[in-house]
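Peer 1: Just to be clear, the model below is a prediction. Sequence and coordinates:
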Amino acid sequence: MHMDGTVIVTGATGALGQALLKNALQRPETHTLLATTSYRASARATQLQQILDSYDKGQHASIVEVDLADQDSIHTFASDINSKVSAGKLPPIRALVLNAAFFFERNGLKFAGRDPRTGDPFEMHFLVNYLGNFLLSLLLLESMDRKRGRIVYVSSWAHDPSRRENKRFGPDKLSWNVEDLAHPVTSKLASDVSAEAMRRYGASKLALVTFMHALQQRLTETRDLDNIRIVGVDPGAMLHSNIAEKTSTFERFTMVPLIQLYTRIAQYINPNGMFRTVEKSAEDVLRAAFETTDPYLARDAYFDGNRPAETAVESKDLERQKELWQLSLLYVGLEERETALGPARCGTP
Ligand SMILES: NC(=O)c1ccc[n+]([C@@H]2O[C@H](COP(=O)([O-])OP(=O)(O)OC[C@H]3O[C@@H](n4cnc5c(N)ncnc54)[C@H](OP(=O)(O)O)[C@@H]3O)[C@@H](O)[C@H]2O)c1
C-alpha cells in the first residue's frame, strides 16, 4: 500500500486525462493512481494502458470502469473504493480529480439514465458533467484523506454566460431552470441544435461550479471533513484531436492546425490565454490538487489555469445553490444524512 494516498482521475482516456496521468506518474510521491474510463475495452483505454505500462510507476496505477451517466455504475465504483479504504487495502483519497465530461453533439441532445421519481431520462450534459460528479463526490467523501484531501473539479470558461466567448451560442436562450436542465421538453428546444448543445454544456458546468461552492460550505461546517478542500480549475480551450474530430472536414484542415500552431506559440507569451495545450492544463490541474502554498490552500479556490479567478456571479447565489442541491439529492435518490456530511454537521440545515 502506498502511503502517499490514492489519486483518482476520471475521464483518464481523454486528451487532458492522458496528460494528467503522464504528469502524475512523474511526480515524486508514490500515489496509488486510479484512472477511470466509461468503457474498459475501448481503443482509448488500451492506449491509456500502454501509457501506464511505459512508466516505472505504472504498476501503482490501474484503470477502473465507471460510467458517470449510470448511477448504478457510480454506486458500484464508490462502494468498492469505500470498502477498500475502510479495510485499509487502499489509502485514503488524497486527490479526486473530476475531469470526465461529455460535450458537443452536432446532431442534437442525448438522453440517458432514469430519474428515480418519474423514470424520465436525463439530458446527457447535465447527467455526466454535473449530476454524476455530484453523486460521486458525495459517495466518496467518506474515503477522503481528512487532513489533506482535495476534490478538483475541471470546469470550463463555457460555464459563465456573461463571457464574451459564449455570446455566439446565445446563452440568453437558455434560462436557469434546474428541472429544464435535467429534463428538457424536447418539443420546446431551440432549432439551432449545435448551439443548444453548447448552451447545455455550459449550463452543466455552471451547475458544477454552483455545487462546488455549496459543497465547500457544507464541508467547512462538518466536523472531521472541514480540512477537505474543494478547488475548481478552468483549463482554457484545448484544441486536441478529440475535439478536432468533432469539427467539419474543412475546419480540420484549415482552422484547427492554425489554432494548434498559435497555441504552441501563445503558451510562452500568454500562458493563461484562451488556447492552451493539454500539457499546460494538466500541470495546472495537478497543481490545484497538490500545491501546499497559498493561494492553493484557500477554501473554495478557483483558478483560470494557474491564475486565481472567480466563478460566474450566478454560481454564488445561495438560493440557486440550495435549490440545485435539494433537487440533485432527489435526482440521485439520496438523503444527505446517508452521506459522510450527515452525521456531524454543525452548521445551518
Ligand atoms: N477541450 C477543451 O477545450 C476544454 C475546454 C474547457 C474545459 N474542458 C474540460 O476539460 C475536461 C477534459 O476534457 P478533454 O478536452 O480532455 O475531453 P475528451 O478528450 O473528450 O475527454 C473527456 C473524457 O470524459 C470521459 N467521459 C465522457 N463521458 C463519460 C461518462 N459517461 N462516464 C465516464 N467518463 C466519461 C471520456 O472517457 P471514456 O472514453 O472512458 O468514455 C473521455 O475520455 C472536461 O471536463 C472538459 O469539460 C475542456
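Peer 2: All right, it came through fine.

Peer 1: wait, what's in contact with the residue of the stretch 1-150 of the chain found nearest the ligand?
Peer 2: Going by Cβ to the nearest ligand atom, the ligand is nearest to G14 of the stretch 1-150 of the chain, at 2.0 Å. All C-beta atoms are positioned from the backbone trio N, CA, C, and that covers glycine. Going by Cβ atoms under 8 Å, 6 or more residues apart in numbering, G14 touches R44, N99, A100, N242.

Peer 1: What of R150?
Peer 2: By Cβ under 8 Å, 6+ apart, the residues touching R150 are R94, A95, L96, I228, R229, I230, V231, A288, A289, F290.

Peer 1: Which pLDDT does the model give it?
Peer 2: R150 carries a pLDDT value of 98.

Peer 1: How about K147, nearest residue that isn't a chain neighbour?
Peer 2: Of all residues not flanking K147 in the chain, N227 sits nearest, at 5.4 Å (Cβ to Cβ, 6 or more residues apart in numbering).

Peer 1: From M144, how far out is the one you found?
Peer 2: Here N227 is placed at a distance of 9 Å from M144 (Cβ to Cβ, to the nearest Å).

Peer 1: which one of these two has more residues nearby?
Peer 2: Neighbour count, other Cβ atoms under 10 Å: between N227 and M144, M144 has more, with 26 against 15.

Peer 1: partners of the more buried one in the sheet?
Peer 2: I93 (DSSP bridges).

Peer 1: Isn't it up against S137?
Peer 2: No - judged on Cβ atoms under 8 Å, M144 makes no contact with S137 at a distance of 9.4 Å.

Peer 1: who touches both of the two?
Peer 2: Residues touching both M144 and S137 by Cβ under 8 Å, 6+ apart: L96, I151.

Peer 1: Who are the contact partners of the residue nearest to K147?
Peer 2: Going by Cβ under 8 Å, 6+ apart, N227 touches R146, K147, R148, G149.

Peer 1: Would you map the strands across this structure?
Peer 2: Remark: strands assigned in the chain by DSSP state E are 6-9, 32-37, 61-65, 93-98, 111-112, 122-123, 150-154, 229-234, 301-304, 307-308.

Peer 1: quick one: contacts of the second one?
Peer 2: If I follow you right, that is strand 32-37. Outside strand 32-37, the residues that touch it by Cβ under 8 Å, 6+ apart are 1-2, 5-13, 17, 21, 24-25, 44-45, 48, 52, 57, 60-66, 77, 81, 90-91, 100.

Peer 1: Using CSV, write down the CA coordinates of it.
Peer 2: Extracted C-alpha coordinates of strand 32-37, given in CSV (Å, rounded to 0.1, in the frame of the first residue of the first chain):
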residue,chain,number,x,y,z
THR,A,32,-2.0,4.7,-5.9
LEU,A,33,-3.4,6.0,-9.1
LEU,A,34,-6.9,5.0,-10.3
ALA,A,35,-7.6,6.1,-13.8
THR,A,36,-11.2,5.8,-14.8
THR,A,37,-12.9,5.2,-18.2
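
Peer 1: Before I go, just wanted to say thanks for your time.
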